[in-house]
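In: For reference, the sequence and a predicted model appear below.
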Amino acid sequence: MSEAGVAGAADRAAAVPAADAGRLERARWAAGEVLRAARLLADDAALRRAALLPTALTAAGCAVFAALTVAGDAADGAVTGPGALHVFTVTFVGLASMPPTLLQRQWMRVALEARRALGLPAGEDPFAGQRWPRMVLREWVKALRQAVVVSAGLFPVAIVLAMLPGKLATVAMGAAWAFYWVLVDAFELPLEAIPGPRRGADTPWYARALQRLGGALWLLRPFRWAGRLLARLTRPWAEEVQFTERHPWETAGFGVAVGAVLAIPGVGFFFRSIAIVAATALDARLEGDGAAAGAQAPPSPGSSAT
């Protein structure tokens, strides 16, 4: 990256809030990083080109799926079914929130270009020498694991909430849990692209919570088993999950902003690209970057909270 490019990226970055900054200030700062990432994506030609290919391929696949779905409904006489635009939008949002699978190499290129555009050391593709079929198989397995986690990860909690009057609590918990995993997935490629060894992570917060709950009373022992199972299923994202735990309010601000981006017509197509750039910037600015930073022991969970 040229000196002018580095200076431009620096100019777009706001100072990281001080250690004693309030929660809302940290959340606002992280939301601002998402807006700065969108601007960087629009201004940097190489980053924009990297983002266009997987975005266009995803959109084309969703358009074909929507057209076939609507054509099938019409052939069956279901004229009252959802239109092509609705099917396209739902499919696109769903794919944007899942691991990249078939387009993993293309999205990894976006993460590597994001590092260059932000003036960070050159990144590494940890699967550069891996054959494409094996890589796709690995990504599909991860996608299936994530689907199980999102749909049934908090099943014991959902059962308890379902016993309470009304369904609002269950629906709200399910929506929050699903969106949380959209955010976790946004940090996956940026953390994989960091040069040097991975930082490592402890047992995730949700598994610890379920295990504590299951140990409180014999009748609640299934919660303990669920916590252990959930920790195993989500092991590929342990580092990303711990990042969100160390920086909960920054993650919240990041989540609100990327959700807003997804809702903007046109701009929402680049939801994943903007999220990758912003996640790269957040990690580099909050936790350092490169092999030296990766070799350091991570801060204790909750150390960033006020």
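Out: Received it, and whenever you're ready, just let me know what you need.
In: Look up how far residue 120 lies from residue 65.
Out: 36 Å (C-beta to C-beta, to the nearest Å). Bear in mind the C-beta positions are built from the backbone N, C-alpha and C, glycine included.
In: now do residue 68
Out: For residue 68, the distance to residue 120 - C-beta to C-beta - is 42 Å.
In: and residue 57, how many neighbours?
Out: Close neighbours of residue 57, defined as other C-beta atoms under 10 Å, add up to 13.
In: Quick check: which element contains it?
Out: Using DSSP states H and E, residue 57 maps to helix 45-75.
In: With residue 242 instead?
Out: Per DSSP H and E: helix 238-246 holds residue 242.
In: roughly how far out does that helix sit from the chain middle?
Out: Mean-position distance between helix 238-246 and its chain equals 11 Å (C-alpha atoms, centre = their mean, to the nearest Å).
In: likewise stretch 264-271?
Out: Taking mean C-alpha positions (C-alpha atoms, centre = their mean), stretch 264-271 and its chain are 16 Å apart.
In: Which positions in that stretch come out as buried?
Out: Across stretch 264-271, burial judged by 16 or more other C-beta atoms under 10 Å covers 268, 269, 270, 271.
In: In CSV: the residues you listed, plus distance to residue 110, secondary structure and pLDDT.
Out: Converted to CSV, the buried residues of stretch 264-271 look like this (distance: C-beta to C-beta, whole Å; DSSP: H, G, I helix; E, B strand; the rest coil; pLDDT from 0 to 100):
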residue, distance to residue 110, secondary structure, pLDDT
268, 16, helix, 82
269, 13, helix, 84
270, 10, helix, 90
271, 12, helix, 88
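In: between the residues you listed, which is closest to residue 188?
Out: In terms of C-beta to C-beta, no member of the buried residues of stretch 264-271 lies closer to residue 188 than residue 271, at 14.8 Å.
In: Setting the sequence-adjacent residues aside, check what's closest to that closest one.
Out: Nearest residue to residue 271 in three dimensions, chain neighbours excluded: residue 262, at 4.6 Å (C-beta to C-beta, 6 or more residues apart in numbering).
In: Make sure that neighbour is actually in contact with residue 269.
Out: No. Counting by C-beta atoms under 8 Å, residue 262 sits too far from residue 269 to count as a contact (9.5 Å).
In: quick one: common contacting residues for the two?
Out: By C-beta atoms under 8 Å, 6 or more residues apart in numbering, residue 262 and residue 269 have no common neighbours.
In: Neighbour count for residue 65 and residue 120, which is higher?
Out: The neighbour comparison of residue 65 against residue 120 (other C-beta under 10 Å) goes to residue 120, with 24 against 16.
In: Is that one in a helix, a strand, or coil?
Out: coil (DSSP: H, G, I helix; E, B strand; the rest coil).
In: Quick check on residue 201: phi, psi?
Out: For residue 201, the backbone dihedrals (degrees, to the nearest 10) come out as phi -160, psi 160.
In: doesn't residue 241 make contact with it?
Out: Yes. The pair residue 201 and residue 241 qualifies as a contact (C-beta under 8 Å) at a distance of 6.9 Å.
In: So for those two, which residue has more residues nearby?
Out: Neighbour count, other C-beta under 10 Å: between residue 201 and residue 241, residue 241 has more, with 24 against 18.
In: How much space separates that one from residue 251?
Out: 10 Å.
In: immediately after the helix or strand hosting residue 143, which helix or strand?
Out: Using DSSP H and E, residue 143 maps to helix 132-152. Moving toward the C-terminus from helix 132-152, the next helix or strand (DSSP H and E) is helix 155-162.
In: counting contacts, what elements does that next one pack onto?
Out: Judged by 3 or more C-beta pairs under 8 Å, 6 or more residues apart in numbering; DSSP states H and E, the packing partners of helix 155-162 are helix 168-186, helix 221-233.
In: Residues contacting it, please?
Out: So helix 155-162 is contacted by 169, 170, 173, 174, 210, 222, 223, 226 (C-beta under 8 Å, 6+ apart).
In: and these, which are buried?
Out: Applying 16+ other C-beta under 10 Å to those flags 170, 174, 210, 223, 226 as buried.
In: show me the residues around the second one that make contact.
Out: Taking C-beta under 8 Å, 6+ apart as the definition of contact, the neighbours of residue 174 are 154, 158.
In: quick one: it from residue 33, how far?
Out: For residue 174, the distance to residue 33 - C-beta to C-beta - is 28 Å.
In: show me where pLDDT drops low in this protein?
Out: Within the chain, the ranges that satisfy pLDDT under 70 run 1-13, 73-86, 88, 93-99, 290-306.
In: The nearest residue to residue 101 once chain neighbours are set aside: neighbour count?
Out: Closest residue to residue 101 apart from its sequence neighbours, by C-beta to C-beta, 6+ apart: residue 139 at 4.3 Å. By other C-beta under 10 Å, 18 other residues sit near residue 139.
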